[in-house]
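Trainee: Task: produce atomic coordinates for the following.
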Amino acid sequence: MSEHTVEPEVAGGLGPGTVMDRAVHPPRVEVLHLHLEGWLGDDLLETFPCFVVTESLGSRLRASSLTGFTLADVTISTSEEYAERHAPGPPRFRWLQVTGRRGTDDLWVDDDLLLHVTSEALAVLRRGRLDHAVVVRVDGEEASDCARAGCRAP
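Mentor: Residues are numbered from 1 along each chain as shown. Presented below is the predicted three-dimensional model:
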């Protein structure tokens with residue numbers, strides 16, 4: 001099974017409605033509020049320590065047989081600059097709560113808080129837009145195989 005890290009687009013930060021416990025590392029988020037400032041259009045976003053997907057990508061993930069995640073509600077707000085550049089506003093998003101473990105699931109987060117995915121999960125993610133994500137193969141596949149999958153070799 002191929003393994004890749006995915007470093008998603010960062011399009012904003014935690015909004016004031018976020019509820020989290022900062023006494024632990026990584027912080028434990030109970031309620032997520034993402035404040036968008038400069039979204040470039042990718043379907044997978046990151047704001048430490050959380051991942052967010054568009055509703056359409058969330059539906060694809062939910063319809064797949066992939067393991068290691070749940071989808072939850074997220075509140076989205078936008079900056080004035082964002083609103084001026086992006087009419088009519090952002091699409092609906094879902095909070096991608098990554099719960100998996102390496103070797104067992106298709107999505108997991110490592111000790112460095114990087115998102116890891118299997119090649120099967122990467123194929124589903126690539127059905128959405130990931131133009132600004134950094135995808136790196138980490139399991140030693142040949143570079144030509146990685147290039148066909150649309151990623152960069154380490």
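Trainee: Skipping its backbone neighbours, what lies nearest residue 122 in space?
Mentor: residue 4 (5.3 Å; Cβ to Cβ, 6 or more residues apart in numbering). All C-beta atoms are positioned from the backbone trio N, CA, C, and that covers glycine.
Trainee: Assign a three-state SS to that neighbour, would you?
Mentor: Using DSSP: H, G, I helix; E, B strand; the rest coil, the secondary structure recorded for residue 4 is strand.
Trainee: who's in contact with it?
Mentor: With Cβ atoms under 8 Å, 6 or more residues apart in numbering as the criterion, the residues that contact residue 4 are 116-119, 122, 135-138, 151.
Trainee: Show me just the buried residues among these.
Mentor: By neighbour count, with 16 or more other Cβ atoms under 10 Å, these hold 116-119, 122, 135, 137, 151 as buried.
Trainee: ok so, going back, distance of the residue nearest to residue 122 from residue 127?
Mentor: Here residue 4 is placed at a distance of 15 Å from residue 127 (Cβ to Cβ, to the nearest Å).
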